[in-house]
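S.K.: Okay, structure incoming, though there's no sequence with it:
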């Protein structure tokens, strides 16, 4: 089975603690995962002015995107993320699979966090 390189973004506009807990849980799920520096950013495209704590991550796995995504959604749910809060732009934890091997799955996140900046 071949290894696949995956890139994630993690974010919360509630508390950096949610990002820290996600890091711990992701480390258990994907041994060898590497994390970028935690960043504070302003929201983009939201009415809620709460700043975000964001972080990037990279890991290798034999899993497919279809196997990874439910694991990430489970971590979000375990953090207390609900559709009602998402509708109110309260983001306890958001984890996105941005890139799988050479396939960019979330171009907007790739541009913000991974693409070279001028």
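M.R.: That came in fine, so what should we check first? Not measured: the values here are computed from a predicted model. Numbering: from 1, shown residues only.
S.K.: so where's this structure shaky on pLDDT?
M.R.: 115-118 (pLDDT under 70).
S.K.: Nearest spatial neighbour of residue 47, chain-adjacent residues omitted?
M.R.: Once flanking residues are discounted, residue 47 sits nearest to residue 89: 6.2 Å by CB to CB, 6 or more residues apart in numbering. From N, CA and C alone the C-beta is placed, and that goes for glycine too.
S.K.: Contact partners for that neighbour?
M.R.: By CB atoms under 8 Å, 6 or more residues apart in numbering, the residues touching residue 89 are 13, 43, 46-48.
S.K.: Just the buried subset of those, please.
M.R.: Among the contacts of residue 89, those that count as buried by neighbour count (16 or more other CB atoms under 10 Å) are residue 13.
S.K.: Looking at the contacts of residue 89, which one is closest to residue 33?
M.R.: Closest to residue 33 out of the contacts of residue 89 is residue 13 (22.8 Å), distances taken as CB to CB.
S.K.: residues in contact with that closest one?
M.R.: Counting by CB under 8 Å, 6+ apart, residue 13 has contacts 43, 46, 48, 50-53, 89-91.
S.K.: Now do the SS call for the closest residue in space to it that isn't next to it in sequence.
M.R.: Leaving aside its sequence neighbours, residue 13 sits nearest to residue 50 (CB to CB, 6+ apart; 4.2 Å). Taken by DSSP: H, G, I helix; E, B strand; the rest coil, the conformation at residue 50 corresponds to coil.
S.K.: tell me the phi and psi of residue 50?
M.R.: Main-chain torsions, residue 50, degrees, to the nearest 10: phi -60, psi 130.
S.K.: How many neighbouring residues does it have?
M.R.: With neighbours defined by other CB atoms under 10 Å, the count for residue 50 comes to 13.
S.K.: what does the one 5 residues further on give?
M.R.: Close neighbours of residue 55, defined as other CB under 10 Å, add up to 22.
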